[in-house]
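> Kindly return the folded structure for what I paste below:
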Amino acid sequence: MSNPMIPIVSIAGRVMLATIFVLSAVGNKVPNFEGVAGYMASVGVPAPHVMLAGAILFLIVGGATVAAGYYARFGAGLLLVFLVLATYYFHDFWNLEGEEAQMQMIQFMKNLSMAGAMVFLIANGSGAGSLDGSGGTSEAAEEKAEF
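Presented below is the predicted three-dimensional model:
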């Protein structure tokens with residue numbers, strides 16, 4: 001007998017995890033495209049307009065697929081790539097001193113925890129209540145998830 005709350009909790013968790021990525025794209029990066037691209041250039045990101053467009057795509061597609069549980073492993077991979085690059089370029093606490101180093105270390109650790117969540121999703125699937133059935137609980141889901 002399965003617990004009917006498991007799919008609800010799984011969906012809620014995926015939505016909570018994805019929210020920061022989608023809102024970061026549509027609430028900040030899209031409306032402030034030129035300003036964000038300028039900031040990216042100032043920290044040494046190559047081809048900042050192209051990279052920002054790619055980041056927006058990764059954030060929206062990755063966030064939506066994780067939230068829906070539809071190709072969530074793929075979406076988690078997109079978000080993992082985004083997190084690795086964003087963390088390297090924007091949270092390089094090892095190059096800073098004092099309070100700024102401490103603040104960036106906190107941001108680095110936040111991104112590290114979210115990257116860990118993406119690795120977990122890639123390894124285990126999106127859980128119960130996913131649209132693609134990759135909940136990681138059946139042999140069919142495991143076969144579908146092989147890569």
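
> Let me know the average pLDDT across the lengthiest helix in the chain.
As assigned by DSSP state H, the longest helix anywhere in the chain is helix 98-124. For helix 98-124, the mean pLDDT works out to 96.

> Now Phe74: closest residue in space, sequence neighbours ignored.
Thr65 (6.2 Å; Cβ to Cβ, 6 or more residues apart in numbering). (C-beta placed from N, C-alpha, C; glycine too.)

> ok, now which ones touch the one you found?
71-72, 74-76, 78 (Cβ atoms under 8 Å, 6 or more residues apart in numbering).

> if we can go back for a sec, show me what counts as buried in the longest helix of the chain.
Within helix 98-124, the residues scored as buried using 16 or more other Cβ atoms under 10 Å are 104, 108, 111, 114-115, 117-118, 121-122, 124.

> ditto for stretch 57-70
58-70.

> Same check on stretch 32-40?
Residues 36-37, 40 are the ones in stretch 32-40 that count as buried (16+ other Cβ under 10 Å).

> and the gap between Phe108 and Thr87?
6 Å (Cβ to Cβ, to the nearest Å).

> try Val119
For Val119 relative to Thr87 (Cβ to Cβ), the value is 14 Å.

> any low-confidence regions in the chain?
Along the chain, segments meeting pLDDT under 70 span 1, 134-147.

> how about Ala128, secondary structure?
Under DSSP: H, G, I helix; E, B strand; the rest coil, Ala128 falls in the coil class.

> Can you list phi and psi of it for me?
phi -60, psi 150 (degrees, to the nearest 10).

> any idea how far Ala86 is from Gln102?
Gln102 sits 19 Å away from Ala86, going by Cβ to Cβ.
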